[in-house]
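K.L.:
My questions are about this predicted structure, shown below with the sequence.
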Amino acid sequence: MSAPSTSLLRVDEARLDNGLRVVGEHNPAAASVAVGVVVETGARDERLQEHGVSHFLEHLCFKGDETRGPADLSRAFDALGARYNAFTSEERTVYYGAVLPESGLDLLELLSSLLRPALRADDLEVERKVVLEEIAMYADRPDALVFERGARAYFGDHAYGRGVLGTAESIGSMGRELVHDYWRRRYAPDNLLVVLTGQYDWDTVLRSLERATREWNGSAPPRDASAPACQKGGGNSRKAGLTRAHVAFFAPGVARAHPRRHAAALLAHALGDEDNGTLFWSLVEPGLADSAGLWHDPAEGFGSFQGYVGCSPADLERVLGLLSKELERVQSEGVSEAAWQQAQRSLATGVTLRGETPMGRLVSVASSYLDVGRVRSVPETVEEILGTTPSEGEALLGSKPFDERFVFVLEPAGGGAAG
């Protein structure tokens, strides 16, 4: 494994007068620059009547500002040769791109302009149809639908469990005033982080940002960081047209900034690696399931282990029994030294490979800065992963998280009983 030498890298940090935070990991040997803007907002921050607005707004930001329409914006990105995109999660909305270093300031200007969308009425109607199609597409995917329904049951009334896309009803009735109010409330400069990785000129970047954002003002309200009152036990539902049974399961995990966050990720990988984890060998390799995985999803203030199994309805009862048996066994016996070391090497390799390009490094820099208050280098993160001992995993298991699990089953209509 290799990554840029830490002696070459420089971390830059600044906060502009309007509260906008800027962080960079400068690498003079890089052949490109990646630029991102992280808005600390997502489905978790939506009021009930705003369900899906974070993702809807992400779409609308690409329709242009008061000086550019959607075609103008698209042509401007393409003229730079940019590789660009955006995504929305429960807690963050991220706009990002990568270009050659000489186009970095132009990319920064374009990404800045995204955050001041015109929100034209025609654009709302176009993107409403796009998002409604996306909602319909996911409704046809049982592996996604089982998590939508399962998360809603597990997280209860907490906004974290509502899902990112919204519903056909919430998006269908969402007007410009509601979207604009959410934008004004959550896209305040002190709720934004501009991130750069690769080759850039820091002083020039700051001057450019100061010019581009001098009119930006306001302050975002603090996030409600309360943890959900999660359920335990299980639930099930049925859907016509399915031929397979789909299982989503959840259990308590740890928060983004928790000192045992690496231990939680390693434990989940050892159990749920889809190619070589414990669940693979107990369920997939014998032919009882077509897939089985487990991962750890950290959030602000709490976290969760989440997993998925797909199988024949005829095998569902046996699969659920084996799933329970494996989760309970690992709580009592722990993870073997060999499995733990394999998980360490796998996660360390992933961190290193992502760190070899500015684009791959961008989200890691942003997450590290937002989660723990500073940028952790690739070697430092790798050292932390490789230095996380099995005893830390055993300490997590000591709280018996899988005793609090919630299992949700989506079956074909007319199928057998859910476990």
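P.N.:
Here it is on my side, so go on. Numbering: from 1, shown residues only.
K.L.:
per-residue confidence at Asp72?
P.N.:
Asp72 is assigned 95 on the pLDDT scale.
K.L.:
host element of it?
P.N.:
Using DSSP states H and E, Asp72 sits in helix 70-79.
K.L.:
Report all helices and strands that whichever strand or helix holds Tyr154 contacts.
P.N.:
Taking DSSP H and E as the criterion, the element that holds Tyr154 is helix 142-155. With contacts defined as 3 or more C-beta pairs under 8 Å, 6 or more residues apart in numbering; DSSP states H and E, the packing partners of helix 142-155 are helix 121-139, strand 233-239, strand 245-252, strand 303-311, strand 406-412. In short, each C-beta sits where N, CA and C put it, glycine included.
K.L.:
Excluding chain neighbours, what is closest to Thr388?
P.N.:
By the measure of C-beta to C-beta, 6 or more residues apart in numbering, the closest residue to Thr388 outside its immediate chain neighbours is His262, 4.5 Å from it.
K.L.:
Would you confirm that the one you found contacts Glu384?
P.N.:
Yes: counting by C-beta atoms under 8 Å, His262 touches Glu384, with 5.7 Å between them.
K.L.:
more crowded one of the two?
P.N.:
When neighbours are counted by other C-beta atoms under 10 Å, His262 and Glu384 differ, and His262 comes out ahead with 21 against 14.
K.L.:
Contacts for the helix or strand harbouring that one next, please.
P.N.:
Taking DSSP H and E as the definition, His262 sits inside helix 261-272. Here helix 261-272 makes contact (C-beta atoms under 8 Å, 6 or more residues apart in numbering) with 253-255, 258, 277-279, 292-296, 298, 303, 305, 307, 326-327, 330, 335, 339-340, 342-344, 346-347, 384-385, 388, 392-393, 395-397.
K.L.:
which of the residues in that helix are buried?
P.N.:
Neighbour-count burial for helix 261-272 flags Arg261, His262, Ala263, Ala264, Ala265, Leu266, Leu267, Ala268, His269, Ala270, Leu271, Gly272 (criterion: 16 or more other C-beta atoms under 10 Å).
K.L.:
and the fifth one, what pLDDT?
P.N.:
By that I understand Ala265. So Ala265 comes in at 98 (pLDDT).
K.L.:
Repeat that for the first one.
P.N.:
At Arg261, the model reports a pLDDT of 96.
K.L.:
how much space between it and Asp371?
P.N.:
Note on Arg261: its distance to Asp371, by C-beta to C-beta, to the nearest Å, is 8 Å.
K.L.:
Next: the last one.
P.N.:
When distance is defined by C-beta to C-beta, Gly272 is 22 Å away from Asp371.
K.L.:
Assign Ala98 to helix, strand or coil.
P.N.:
Put simply, Ala98 is strand when judged by DSSP: H, G, I helix; E, B strand; the rest coil.
K.L.:
now swap in Lys63 and tell me
P.N.:
What three-state DSSP gives for Lys63 is coil.
K.L.:
Tell me how far it lies from Ala82.
P.N.:
Noted for Lys63: a distance of 17 Å to Ala82, by C-beta to C-beta.
K.L.:
which regions of the stretch 151-300 of the chain lie under the pLDDT threshold?
P.N.:
Along the stretch 151-300 of the chain, no part satisfies pLDDT under 70.
K.L.:
please redo it, this time with the cut-off set to 90
P.N.:
Scanning the stretch 151-300 of the chain with the threshold set as pLDDT under 90 gives 225.
K.L.:
Would you state the helices of it in chain order?
P.N.:
168-172, 176-186, 202-212, 261-272, 278-279 (DSSP state H, counting those that start in this stretch).
K.L.:
Deepest-packed of these, please.
P.N.:
Sort the helices of the stretch 151-300 of the chain by mean neighbour count, taking mean count of other C-beta atoms under 10 Å, and helix 261-272 sits at the top with a mean of 24.
K.L.:
Distance from the chain centre to that one, please.
P.N.:
Centroid separation for helix 261-272 versus its chain: 17 Å, with C-alpha atoms, centre = their mean, to the nearest Å.
K.L.:
Same check on stretch 63-78?
P.N.:
Remark: stretch 63-78 is offset 26 Å from the chain centroid, using C-alpha atoms, centre = their mean.
K.L.:
again with stretch 221-237
P.N.:
17 Å.
K.L.:
before we move on, what about stretch 146-155?
P.N.:
Centroid separation for stretch 146-155 versus its chain: 17 Å, with C-alpha atoms, centre = their mean.
K.L.:
So that it lines up with my notes, have the first residue be 634 from now on.
P.N.:
Right, with 634 as the first residue, what we last looked at is stretch 779-788.
K.L.:
Now tell me what touches it from outside.
P.N.:
771, 793-796, 861, 863-864, 868, 870, 879-883, 937, 939, 941, 1039, 1041-1043.
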